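[1] Predicted model, plus sequence, below.
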Amino acid sequence: MNGWLLIVASLVITCLMWVGAKEVNIAYSSAQGASQVVALLGFMSLVWTFIIATRHSVIETLFEGLDKAYKAHHILGGLSFILLVNHVLLLLIAALPENTLKLYLLPGTSLPYTLGILALYVMFFLLILSNVSTFRL
């Protein structure tokens, strides 16, 4: 149970730090802000899946057993995937009024956006690959 408390605390602290880092800006859309929060939470969840995957004895102690740590890894992996996909969807919603959808959909327009698109495709591929290996034909 201590492991889950640590995870939730890190997610709450991440949100509080995001709020503290923002200035009041009227031109700032709510979809853009939600997209940033969702991206931060998704990234933090993904970081926790990597930490749990180390199978360190401290992680086993925090989650009161390796089986519970694996369950947390599975839950956090799915949560991070959902949050990061929603990050992209919220960016698309924020881009609708400005008609800049091609920036978020087409690789090659901007290096940071191209790397983000590539990361999303890699995450899709790894999720499919990890689920295919669990099915028996």
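    Structure's in. What do you need?

[2] Would you mind giving the secondary structure of P97?
    coil (DSSP: H, G, I helix; E, B strand; the rest coil).

[3] For it, grab phi and psi.
    Here is the backbone geometry of P97 (degrees, to the nearest 10): phi -60, psi -30.

[4] State the helix or strand in which the residue nearest the centre of the chain lies.
    Central residue of the chain (C-alpha atoms, centre = their mean): G42, 1.9 Å from the mean position. Element membership for G42 (DSSP states H and E) is helix 30-53.

[5] what's the following helix or strand after that helix?
    helix 57-62.

[6] Quick check: pLDDT value at S133.
    On pLDDT, S133 comes in at 62.

[7] where does this structure have low pLDDT?
    Where the chain drops to pLDDT under 70, the residues are 1, 24-29, 99-105, 133-137.

[8] One more pass at 80, please.
    Across the chain, the ranges flagged by pLDDT under 80 are 1, 22-29, 31, 94-110, 113, 130-137.

[9] Helices of that one, start to end?
    2-21, 30-53, 57-62, 66-95, 101-105, 111-132 (DSSP state H).

[10] nearest residue to the residue nearest to the centre of the chain other than its sequence neighbours?
    Spatial nearest neighbour of G42, chain neighbours left out: L83 (3.2 Å); criterion: C-beta to C-beta, 6 or more residues apart in numbering. The C-beta positions use only the backbone N, C-alpha and C, and glycine is treated the same way.

[11] residues contacting the one you found?
    V38, A39, L41, G42, S45 (C-beta atoms under 8 Å, 6 or more residues apart in numbering).

[12] Please tell me how far it sits from A94.
    16 Å (C-beta to C-beta, to the nearest Å).

[13] Repeat that for T14.
    20 Å.

[14] With T49 instead?
    Taking C-beta to C-beta, one finds T49 at 27 Å from A94.
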